[in-house]
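Asks: what follows is a predicted structure for the sequence shown.
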Amino acid sequence: QDSSKKTVFPETKKLIDKFLLEKISLAGIARVTDVSEKCLQDYVNAQYAESSRQPQFNSKKKEK
């Protein structure tokens, strides 16, 4: 079995995203989620690439 072809389940991805928001180290996230560090790094890189392609909007509300 090729370990580089393992699927990361959607619920695990949601958990990874929460850990990333809390600035948990990738090594720590890999240990807790039982995802390989390479697979985790690939996921994070893909998320970063996708977020940098999306337009950024200012979320501040206009004051009246």
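Replies: That came through, no problem. Residues are numbered from 1 along each chain as shown.
Asks: show me the longest helix that occurs in the chain.
Replies: The longest helix of the chain (DSSP state H) is helix 37-53.
Asks: buried ones in it?
Replies: 39, 40, 43 (16 or more other Cβ atoms under 10 Å). Placement of C-beta: from N, CA and C, glycine included.
Asks: which other helices and strands does the worst-scoring helix or strand of the chain on mean pLDDT contact?
Replies: Each helix and strand of the chain was given a mean pLDDT (mean pLDDT, DSSP states H and E); the minimum falls on helix 37-53 at a mean of 90. If contacts are counted by 3 or more Cβ pairs under 8 Å, 6 or more residues apart in numbering; DSSP states H and E, helix 37-53 sits against helix 10-21, helix 26-33.
Asks: nearest to residue 47, of these?
Replies: helix 10-21 (7.7 Å; Cβ to Cβ).
Asks: what residues does the closest one touch?
Replies: When contacts are taken as Cβ atoms under 8 Å, 6 or more residues apart in numbering, the neighbours of helix 10-21 outside the stretch itself are 8, 28, 29, 32, 33, 35, 40, 43, 44, 47.
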